[in-house]
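> Coordinates for the following, if possible.
(one chain, ligands or ions: 2)
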Amino acid sequence: MRILVTGVGGPAGTNVVGLLPAGSVKAACDSDPAKRQELRRIGREDVRFYTVPNARSTDAFKRAVNSIIKKEGIDCIIPTVDEELLAFSRRPGDFNARVMVSPYETVKTCIDKALLYEKVKGQPFCPRHVVTGNRQDLALFGTEPVFMKPRVGRGSRGTSMFTNYSCIPDERITADNIFCEYLPGQEYTADVLCGLDGRPLVTVPRKRLETRKGTSMKGETHRNPQILDNVKKLCGILKFIGPANMQFKPDSKGLMKLVEINPRFSGGLPITAEAGANTPVFLVRMLSGEKVAPPEWREGVFENRLVDR
Ligand SMILES: Nc1ncnc2c1ncn2[C@@H]1O[C@H](COP(=O)(O)OP(=O)(O)O)[C@@H](O)[C@H]1O
Ligand SMILES: [Mg+2]
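Ligands and ions are numbered 1, 2, ... in the order given. Reported below is the predicted structural model:
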């Protein structure tokens with residue numbers, strides 16, 4: 001199988017290239033030509049680097065990707081950038097190779113945290129939340145702390161915790177933000193891999209012990225029963241194909257609440273791989289038609305040795 005990995009300058013893209021055996025990833029791309037350096041850093045100069053336009057310029061992106069597919073004889077694309085997930089899932093038929101991406105509806109829902117929380121409203125793991133431009137709508141938080149984040153965001157940019165809703169500056173109360181109950185507990189990410197039918201085949205919850213720019217650098221894998229159960233439920237509510245990572249944090253009573261879902265491989269994936277679940281390898285073997293059992297993994301503390309420190 002000849003694979004193209006997109007967004008190789010980001011942690012998820014680096015991880016997929018770094019965790020797959022030499023030879024299977026033929027090409028990698030990024031919109032920033034300087035990111036060629038990442039392949040050198042992880043010792044994978046055998047992978048050919050291409051610069052592609054930003055996926056928001058849909059036609060130019062499509063042309064560039066199809067040209068790589070042709071030149072490199074690509075069978076399968078593993079995208080790792082949010083805008084690209086949208087472009088690939090919206091019109092998968094535009095690309096002349098199989099794309100490992102969830103359905104458009106799923107991608108669109110996960111990218112906007114307001115759509116995601118609306119989708120799971122009523123589930124015990126849905127955090128209390130409000131999208132509003134009016135302070136009085138935030139009164140439901142009473143005297144409790146409030147966590148604010150952009151509906152569409154990444155890497156924790158634009159997030160803030162407020163002691164209570166009256167401390168939030170007027171200019172931050174806009175419908176581009178989502179206001180949530182503050183979740184004080186230990187944050188977890190679950191690396192999830194679903195089959196082509198959407199069934200979760202591998203779920204590895206890990207505590208985020210150390211993070212850097214939103215990427216987990218040290219983690220502790222743990223079969224947290226609430227998280228395993230929540231992931232199963234989420235995979236029944238939204239259809240995921242291939243990789244996803246789902247973040248949770250417990251409320252003051254210890255009940256795990258959903259923070260966000262990225263329908264792609266994670267930045268902290270090397271931690272899960274060190275624990276024994278190299279999900280990119282499992283995915284590629286599955287796609288190649290091999291009858292493979294999901295990887296076994298162990299609980300413990302592991303470091304992210306792939307992502308740049
Ligand atoms: N309701 C919340 N309570 C406390 N912390 C939160 C809450 N939601 C998010 N966070 C913190 O903010 C970080 C970024 O939020 P997240 O929803 O993952 O957005 P993104 O990663 O897209 O920036 C999380 O990793 C978590 O540490
Ligand atoms: Mg996050």
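> Would you tell me whether the strand or helix carrying residue 257 gets close to ligand 1?
Using DSSP states H and E, the element containing residue 257 is strand 256-262. Yes - under the criterion of CB under 6 Å from any ligand atom, strand 256-262 makes contact with ligand 1 via 259-260. C-beta coordinates here come from the backbone N, C-alpha and C atoms, glycine included.
> Direction included, what does that strand pair up with?
Paired neighbours of strand 256-262 in the sheet (DSSP bridges): strand 242-250 (antiparallel).
> Quick check: buried residues in the partner strand?
Within strand 242-250, the residues scored as buried using 16 or more other CB atoms under 10 Å are 242-250.
> Stretch 196-211 too?
By 16+ other CB under 10 Å, the buried positions in stretch 196-211 come out as 198, 200-209, 211.
> Near ligand 1, which residues of the stretch 51-200 of the chain are found?
Contact residues, the stretch 51-200 of the chain versus ligand 1 (CB under 6 Å from any ligand atom): 127, 147, 149, 153-156, 159, 180, 182-183, 187.
> Put the buried members of those residues into a PyMOL selection.
The following PyMOL line selects those of these that are buried, judged by 16+ other CB under 10 Å:
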select buried, resi 127+147+149+153+180+182+183+187
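> Nearest to residue 284 among the residues of the stretch 51-200 of the chain next to ligand 1?
Nearest to residue 284 among these is residue 154, at 26.1 Å by CB to CB.
> Could you pull up the contacting residues of the closest one?
By CB atoms under 8 Å, 6 or more residues apart in numbering, the residues touching residue 154 are 82, 214.
> Just put the buried residues of strand 242-250 in CSV and tack on distance to residue 275 and pLDDT.
Shown next, in CSV, are the buried residues of strand 242-250 (distance: CB to CB, whole Å; pLDDT from 0 to 100):
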residue, distance to residue 275, pLDDT
242, 20, 98
243, 16, 98
244, 17, 98
245, 14, 98
246, 17, 98
247, 17, 98
248, 18, 98
249, 21, 98
250, 21, 98
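> TSV for those, including distance to ligand 1?
As requested, those are exported to TSV (distance: CB to the nearest ligand atom, whole Å):
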residue	distance to ligand 1
242	20
243	16
244	13
245	10
246	10
247	5
248	10
249	6
250	10
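> just the residues you listed now: which is nearest residue 137?
For those, the residue nearest residue 137 by CB to CB is residue 249; the value is 23.1 Å.
> partner residues bridging the closest one?
Per DSSP bridges, the residues bridged to residue 249 are residue 257.
> Just to check, it is in contact with residue 188?
Yes - in this structure, residue 249 is within contact of residue 188 by CB atoms under 8 Å, at 7.2 Å.
> Give me the common contacts of these two.
Residues touching both residue 249 and residue 188 (CB under 8 Å, 6+ apart) are residue 256.
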